[in-house]
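Undergrad: I'll drop the sequence and a predicted model, then ask my questions.
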Amino acid sequence: MKIYRANRNGIIRYFLLFFFLLPLMSLLSAKETMGQIIILFLISSTPFALMLWIYLDTYYKVEGDILIYHSAFLNGKIDIGKIREIEKGKTMWVGIRPALATKGLIIRYNT
């Protein structure tokens, strides 16, 4: 069984940087009490935690004739024999997209 890591190039790094800086900016501009600042920090750091989880936990693996994808809370299996078409270098804007970069592989299977 071979595990393939996702391509981590592209806009995902800018999103991570933005969501990392967001809680810091909210702390620097806060004029509330300490309890309110802590709540504001926790709320504003939630997107960063989610994006970091997706960034670090996206991978694909092939076990026998099954392709398994895993991206944070998106998991699934695709029977390799039911794959109809693979498009390279395109971006899918709708549907399940367990990927980090644009212009990857689009796998069409089943119907």
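TA: Cool, got the structure.
Undergrad: isn't F15 right up against M51?
TA: Yes. If you go by CB atoms under 8 Å, F15 and M51 touch, sitting 5.6 Å apart. In short, each C-beta sits where N, CA and C put it, glycine included.
Undergrad: who has more neighbours, those two?
TA: Just comparing F15 and M51: by other CB atoms under 10 Å the higher neighbour count belongs to M51, 20 against 16.
Undergrad: Now do the helix or strand where that one lies: which elements does it pack against?
TA: Per DSSP states H and E, M51 falls inside helix 34-56. Judged by 3 or more CB pairs under 8 Å, 6 or more residues apart in numbering; DSSP states H and E, helix 34-56 is in contact with helix 12-28.
Undergrad: other SSEs contacting the helix it packs on?
TA: In terms of contacts (3+ CB pairs under 8 Å, 6+ apart), helix 12-28 is packed against helix 34-56.
Undergrad: Could you list the residues in contact with the next helix or strand after the helix it packs on?
TA: Per DSSP H and E, the first helix or strand lying C-terminal to helix 34-56 is strand 58-63. Here strand 58-63 makes contact (CB atoms under 8 Å, 6 or more residues apart in numbering) with 1-6, 67-72, 80, 98-100.
Undergrad: which strand residues sit across from G76 in the sheet?
TA: Y69 (DSSP bridges).
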